[in-house]
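Visitor: Sharing a sequence plus its predicted fold:
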Amino acid sequence: MRAGEIYLARFPFGDVPGMKLRPVLLLTGRLGPVPEVLVAYISSVLPAQPLASDLIADPSAPAFQATHLKVPSAVRLHKLATIHGSSLSRHLGRLESPQQAIVAGKLRALLGLTTEPDAPSGS
């Protein structure tokens, strides 16, 4: 289980209680003593006006064939969740390295992160 892989997972709804089985992009591998992963929501409903943080993945394009998504989909990088590893149901596919680099750049922009060296920690 690594960043860049796509799974079916129980993803939390934002506006109502409950979870729905849907494809997600793993942004991390398992983290912490309780095996959790950070994931991004993937939707087959393409936005009329994609956000700068969206990645449109068309499985008919060579760059996205390894995703094994059935239809063109939007990886919605502004819709993130930390879920328990047991919420991952089935491995679907993965993003290739060039698309993973695009995701990383979109996440940096979304979160306002720079590529400058880390500042020293401490208070």
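Guide: Alright, I've got the coordinates. Residues are numbered from 1 along each chain as shown.

Visitor: What is the neighbour count of residue 43?
Guide: Taking other CB atoms under 10 Å as the criterion, the count of residues near residue 43 is 14. Backbone N, C-alpha and C define where each C-beta goes, glycine included.

Visitor: From residue 76, how far off is it?
Guide: Applying CB to CB, to the nearest Å, the value for residue 43 to residue 76 is 6 Å.

Visitor: now residue 50
Guide: In terms of CB to CB, residue 50 sits 9 Å off from residue 76.

Visitor: Of those two, which one has the most company?
Guide: More neighbours surround residue 76 than the other of residue 50 and residue 76, with 19 against 12 (other CB under 10 Å).

Visitor: List phi and psi for the nearest residue to the more buried one once chain neighbours are set aside.
Guide: Among residues not flanking residue 76 along the chain, residue 41 sits closest, at 4.7 Å (CB to CB, 6 or more residues apart in numbering). Here is the backbone geometry of residue 41 (degrees, to the nearest 10): phi -70, psi 140.

Visitor: swap in residue 68?
Guide: The phi/psi pair for residue 68 (degrees, to the nearest 10) is phi 60, psi 30.

Visitor: That's all I had, so thanks and see you.
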